[in-house]
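A.B. asks: A predicted structure for the sequence below; I have some questions about it.
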Amino acid sequence: MSVHNQTLLNNTGTLQLEGASVVIVSTEWNDFVTNELVAGCQRTLDEYKIAHRTHIVPGSFELPFACKQIWEQTRGTGLQPSAIIAFGCVIRGETPHFDYVCNAVTDGILQLNLELPVPVIFGVLTVNTVEQATDRLGGAHGHKGEEGALTALKMIGFQRQLAKSAR
């Protein structure tokens, strides 16, 4: 899905994002891709005046652990994020390593979405070639960093709307 022509509107109007914050967790591995994912994400969050901070981990396999630790370390401090975005890039090689890493990080992020009280956005590119990765940095497939930010903001709004309707 591309973010072209997407807005931050829901059925009731503009999403309520006051006081929201986002933590971005990105990888060192394939940083020529992940740095641009983060930059696009940060531009979008800045556009909507959303506080954010970024943490770096070695690779995609480490993303679920880092996301969980960030939540655990901020719980009860008032610094808990409203959402966490995990960015990585796994490019297929000649061994089954690609499949193991992709499956593990996908399952890990899914598990966090079921366990944590905030959304964890899956921003991990799983591609066959470098060209496919760069196509997702503003090319034919949109900018996945910007898309990750918009997804986080929509999920924050979704969660706040649910809480509001439960009152």
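C.D. replies: Cool, got the structure.

A.B. asks: Going by C-alpha atoms from here, please, whenever you check contacts or count neighbours.
C.D. replies: Noted.

A.B. asks: Do a quick rundown of the helices in this structure.
C.D. replies: 31-47, 63-74, 97-115, 130-135, 144-166 (DSSP state H).

A.B. asks: who wins for proximity to Leu17 among these?
C.D. replies: helix 144-166 (6.5 Å; Cα to Cα).

A.B. asks: okay, the helices of the chain in CSV with mean pLDDT and mean neighbour count next?
C.D. replies: As requested, the helices of the chain are exported to CSV (pLDDT from 0 to 100; neighbours: other Cα atoms under 10 Å):
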stretch, mean pLDDT, mean neighbour count
helix 31-47, 98, 19
helix 63-74, 98, 17
helix 97-115, 97, 16
helix 130-135, 96, 16
helix 144-166, 95, 19
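
A.B. asks: need the ones you listed in a markdown table with distance to Val57, can you?
C.D. replies: Below are these laid out as a markdown table (distance: least, Cα to Cα, whole Å):
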| stretch | distance to Val57 |
| --- | --- |
| helix 31-47 | 11 |
| helix 63-74 | 7 |
| helix 97-115 | 13 |
| helix 130-135 | 19 |
| helix 144-166 | 17 |
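
A.B. asks: Indicate which one of the ones you listed is closest to Gly88.
C.D. replies: helix 31-47 (5.8 Å).

A.B. asks: Using PDB, write out every CA atom in that closest one.
C.D. replies: The C-alpha trace of helix 31-47 is given here as PDB (Å, rounded to 0.1, in the frame of the first residue of the first chain):
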ATOM      1  CA  ASP A  31      21.500   1.300   6.800                       C
ATOM      2  CA  PHE A  32      21.600   2.800   3.300                       C
ATOM      3  CA  VAL A  33      17.900   1.800   3.200                       C
ATOM      4  CA  THR A  34      16.900   2.000   6.900                       C
ATOM      5  CA  ASN A  35      18.400   5.500   7.300                       C
ATOM      6  CA  GLU A  36      16.100   6.800   4.500                       C
ATOM      7  CA  LEU A  37      13.100   4.900   6.000                       C
ATOM      8  CA  VAL A  38      13.800   6.700   9.300                       C
ATOM      9  CA  ALA A  39      14.300  10.100   7.600                       C
ATOM     10  CA  GLY A  40      10.900   9.800   5.800                       C
ATOM     11  CA  CYS A  41       9.200   8.700   9.000                       C
ATOM     12  CA  GLN A  42      10.700  11.600  10.900                       C
ATOM     13  CA  ARG A  43       9.700  14.100   8.200                       C
ATOM     14  CA  THR A  44       6.100  12.900   8.500                       C
ATOM     15  CA  LEU A  45       6.100  12.900  12.300                       C
ATOM     16  CA  ASP A  46       7.500  16.500  12.200                       C
ATOM     17  CA  GLU A  47       4.900  17.600   9.800                       C
END
